[in-house]
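J.: Predicted model, plus sequence, below.
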Amino acid sequence: MLDHASVDTQKISPTEELRHRMRHSAAHVMADAVLQLFPEAKMGIGPPTQDGFYYDFEVSRPFTPEDLESIQKLMLESIARSSAFQREELSREDAKARFADQPYKLEIIDGIPDAETLSIYRHGDFIDLCQGPHLESTGQIPAIKLLHVAGAYWRGDEHRPMLQRIYGTAFESQEMLEDHLERLEEAEKRDHRVLGRQLGLFSIHEEIGPGLVVWHPKGGVIRSKLEDYWRDLHFRHGYSIVYSPHIGKAQLWQTSGHLDFYRESMYAPVIVDEQEYYLKPMNCPFHIMIYRSNQHSYRELPLRIAELGTVYRYERSGVLHGLMRVRGFTQDDAHIFCLPEQVEDEIGGVLDLTFELLEAFGFSEYSISLSTRPEKYVGEPEMWEHATESLRKALVDRGLDYDIDDGGGAFYGPKIDIKIKDALGRDWQCTTVQFDFNLPERFDLTYQDSEGGRSRPYMVHRAILGSLERFLGILIEHYAGAFPLWLAPVQAVVIPIADRHLDYAQSVRQQLQDQGFRVEVDSRGERMNLKIRNAQLQKIPYMLVVGDAEIEQGAAAVRLREGTNLGPLPMAEVVQRMKDGLAG
RNA sequence: GCCCCUGUGGCGCAAUGGUAGCGCGGUCGACUUGUAAUCGACAGGUUAGGGGUUCGAGUCCCCUCUGGGGCUCCA
């Protein structure tokens, strides 16, 4: 049930078009099977998706895993019969008569403009209202698999009935289907919630509250290394680093407009000395107060104020997910206040900083979108134009491909969003660079211009990693828990073979520690093999085995977590190798 | 928030309505061992919380909470 034109036909390749068509056909075959098993089912819609397809149904009871098996079995039979798909056009009246017992289909028909031709697709005894196109026959669907069931509101509207959605996928061959299922399994193995527990990185507790994360010592190392790098990078790019409190008076949020427009995402106020204070959902008002605490000359601008600022937002309980969607998180936030003629350079600088930062974590593929002025907006159209143009120019100057989301900007300014592609090819939205024509007005921000008058600065919000919690979640999955040396919580573990090697093991640890490495000695009275296994499971980059031979040579036998055994190396060489490892 | 699923020692799991077990981990002891799991003993649970049905509830019912899959794809 896809409005074919909606699937971004401009960008879709012929093979993708064919795949969509196949999956769309698979959705029909599934609906057919469901109606055979559940004749009373009311059909919703059933389009192809990026990874497969789904179809929504209203049924008297939810589908069970066993139902999925039966449905899939019927689908395979239908595919084996190879029934032809036939298109038929019909009048509105005929369509309504045909779908008289399908209320959702009737609603769809009513929503279609009179000028459009209605069509149905038939295969075997099954008929569905559908624009198409489809394959020639059900026999052209090579490989299918039904995956899971979930509730989904009719038309995505929480005030409408909830239907049962069956997700499935289809591929051009059994092998491709299996590859896809393997990728899903791989993603499951990398799940940051599982690795986070196994590697002792973080936890979330019922006692603390949903969506609130505590970082454990090992996760704390990763996070603090990331933060150190982030700060250093920002200093190098001309930012000032600031700190601000977690709560602020109601008046502040009133002035900023958050209480009027963002309240549903904010926590209820706390009362102190009969004054209301709100937990901050954003850092901007604080950075603005920093700006406002002095008068500014045009000579001082641009001013780049950055903070790893922890904010709290109410997220509906059903959307919370590990580190990816939480209620308390730390933004790598910054606000740039600048002159109109500086805007372009500033945006360019943000982009350069962005790619330098993301590449440090091994990300190199991006998808970028530029969102322009929506219908409802604040500020002067000329400013919007200037800002949008400077965003566009910064992208073009750097030879970056981007999509335009026309009218997709916030009411207060145009923006660039950047998604990164992780090791499994999944997209994650992290970076956002956003003009703000609203807050400078609300807080009456000014600077003394070169003519001696007072002018309003441009203000740009930007976050590169987005939220540290989320970014670390992405990193855990991206690296599958095997962090590069510079981030690894424990960079090397020294493994003495027998108790008599303990003293030497400690001296090896000390030598590396003196060089700034994070090293532990596994001094348990266990066998070497067990210690190696543990170190492997903890994904520790270097395992340094020491026994009689190594003591004699002043060496350590180096095993890498990739599994290679380099044999005994003199300590000086071990140190050098690890230093080289930091760079690469 | 809504729909469905789920909740048993720190973790992963088991237990036809009839005595709560297993593995990992932990502690202790023995072993002193060359590149992914040595052996043994011990400790550890009011089965998420509350209510109900029953002679009897981890198991069935209700409520609350937690976690998970989803809720943009509009023929």
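T.: The structure has been received and is ready for your questions. Since the model is a prediction, treat every value here as computed from it, not as a measurement.
J.: what about the residue in chain A positioned nearest to RNA strand B, neighbour count?
T.: Here the residue of chain A nearest RNA strand B is residue A:318; by CB to the nearest atom of the strand that distance is 2.0 Å. Just so you know, the C-beta spots here come from the backbone N, C-alpha and C atoms, and that holds for glycine as well. If you count neighbours by other CB atoms under 10 Å, residue A:318 ends up with 7.
J.: who touches it in this structure?
T.: By CB atoms under 8 Å, 6 or more residues apart in numbering, residue A:318 lies in contact with nothing.
J.: cutoff 10 Å now
T.: residue A:325 (CB atoms under 10 Å, 6 or more residues apart in numbering).
J.: next one: residue A:329
T.: A:211-213, A:309-313, A:315, A:323, A:466-471.
J.: Considering only those residues, which also neighbour RNA strand B?
T.: With the criterion set as CB under 7 Å from any atom of the strand, the members of the contacts of residue A:329 near RNA strand B are residue A:211.
J.: which helix is the longest one in chain A?
T.: Looking across chain A with DSSP state H, the single longest helix is helix A:14-37.
J.: Now that one: average pLDDT?
T.: Helix A:14-37 shows an average pLDDT of 90 in the prediction.
J.: Give me the distance between the two termini of stretch A:336-344.
T.: 12 Å (CA to CA, to the nearest Å).
J.: would residue A:485 count as being in a strand?
T.: No - counting by DSSP: H, G, I helix; E, B strand; the rest coil, residue A:485 is not found in a strand; it is coil.
J.: Quick one: neighbours of residue A:398, just the number.
T.: Count around residue A:398 with other CB under 10 Å applied: 12.
J.: ok, it - contacts?
T.: Counting by CB under 10 Å, 6+ apart, residue A:398 has contacts A:348, A:351-352, A:355, A:368.
J.: buried sites along stretch A:566-584?
T.: A:568-569, A:571, A:574-575, A:578, A:581 (16 or more other CB atoms under 10 Å).
J.: Run through those and flag the ones next to RNA strand B.
T.: residue A:568.
J.: Give me the secondary structure label for the closest residue to residue A:457 other than its chain neighbours.
T.: Spatial nearest neighbour of residue A:457, excluding adjacent residues (CB to CB, 6 or more residues apart in numbering): residue A:337 at 4.4 Å. For residue A:337, the assignment made with three-state DSSP gives strand.
J.: is it true that residue A:337 touches residue A:294?
T.: No - contact status for residue A:337 versus residue A:294: not in contact, 11.5 Å apart, counting by CB atoms under 10 Å.
J.: Mutual contacts of these two, please.
T.: A:300, A:303.
J.: Name the residue in the two with the higher neighbour count.
T.: Each of residue A:337 and residue A:294 had its neighbours counted (other CB under 10 Å), and the higher figure belongs to residue A:337 (25 against 9).
J.: Okay, angle between the strand or helix carrying residue A:144 and helix A:14-37 too, please.
T.: Assessed by DSSP states H and E, residue A:144 sits inside strand A:143-153. For strand A:143-153 against helix A:14-37, the angle by axes from the mean of the first three to the mean of the last three CA atoms, to 10 degrees is 70 degrees.
J.: Please spell out which residues along strand A:143-153 are buried.
T.: Those would be A:143-146, A:149, A:152, for strand A:143-153 by 16+ other CB under 10 Å.
J.: what mean pLDDT does that strand have?
T.: Mean predicted confidence for strand A:143-153 is 87.
J.: what angle separates the very next helix or strand once past that strand from strand A:143-153?
T.: Once the chain leaves strand A:143-153, the next helix or strand it forms, by DSSP H and E, is strand A:162-171. For strand A:162-171 against strand A:143-153, the angle by the same axes, to 10 degrees is 160 degrees.
J.: what residues does the helix or strand following strand A:162-171 touch?
T.: As assigned by DSSP H and E, the chain's next helix or strand after strand A:162-171 is helix A:174-189. Outside helix A:174-189, the residues that touch it by CB under 10 Å, 6+ apart are A:19, A:51-52, A:142-145, A:147, A:169-171, A:173, A:194-195, A:422-426, A:477, A:480-481.
J.: Can you select the buried ones from these in ChimeraX?
T.: Selection of buried members from these for ChimeraX, criterion 16+ other CB under 10 Å:
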select /A:19,52,143,144,145,169,170,171,195,422,477,480,481
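J.: Residue numbers of the stretch 451-584 of chain A in contact with RNA strand B?
T.: Counting by CB under 7 Å from any atom of the strand, the stretch 451-584 of chain A sits next to RNA strand B at A:497-500, A:525-530, A:532-533, A:536-537, A:543, A:545, A:547-550, A:557, A:559, A:563, A:565, A:567-568.
J.: Of those, keep whichever come out buried.
T.: For those, buried by 16+ other CB under 10 Å: A:497, A:528, A:532, A:543, A:545, A:547, A:550, A:557, A:559, A:568.
J.: Which of the helices or strands spans the last one?
T.: So the one you mean is residue A:568. Using DSSP H and E, residue A:568 maps to strand A:565-570.
J.: The strand holding residue A:144 packs against which elements?
T.: Applying 3 or more CB pairs under 10 Å, 6 or more residues apart in numbering; DSSP states H and E, one finds that strand A:143-153 contacts helix A:14-37, strand A:53-58, helix A:65-81, strand A:162-171, helix A:174-189.
J.: and the direction of the shortest one versus that of helix A:14-37, what angle?
T.: Going by the same axes, to 10 degrees, strand A:53-58 is angled at 30 degrees with respect to helix A:14-37.
J.: same for strand A:53-58, what does it pack against?
T.: Other elements packing on strand A:53-58 under the criterion 3+ CB pairs under 10 Å, 6+ apart are helix A:14-37, strand A:42-43, helix A:103-111, strand A:143-153, strand A:162-171.
J.: now swap in the first one and tell me
T.: For helix A:14-37, the elements it packs on are strand A:42-43, strand A:53-58, helix A:65-81, strand A:118-123, strand A:126-129, strand A:143-153, strand A:162-171, judged by 3+ CB pairs under 10 Å, 6+ apart.
J.: How about that helix, which residues are buried there?
T.: Buried residues in helix A:14-37, defined by neighbour count with 16+ other CB under 10 Å: A:19-36.
J.: what domains does the record give for chain A?
T.: A:4-189, A:195-244+A:280-478, A:492-583 (automatic domain parsing).
J.: Tell me which of those lies nearest to residue A:263.
T.: Residue A:263 sits nearest to domain A:195-244+A:280-478 of all these, at 9.3 Å, using CB to CB.
J.: start to end distance for that closest one?
T.: First-to-last residue span, domain A:195-244+A:280-478, CA to CA: 12 Å.
J.: What strand or helix carries the spatially closest residue to residue A:335 that is not a sequence neighbour?
T.: Nearest in space to residue A:335, with sequence neighbours left out and distances taken as CB to CB, 6+ apart, is residue A:287 at 4.4 Å. Secondary structure from DSSP H and E places residue A:287 in helix A:284-292.
J.: which helices and strands does that helix pack with?
T.: By 3+ CB pairs under 10 Å, 6+ apart, helix A:284-292 packs against strand A:247-249, helix A:250-256, strand A:303-312, strand A:328-338, helix A:439-442, strand A:458-467.
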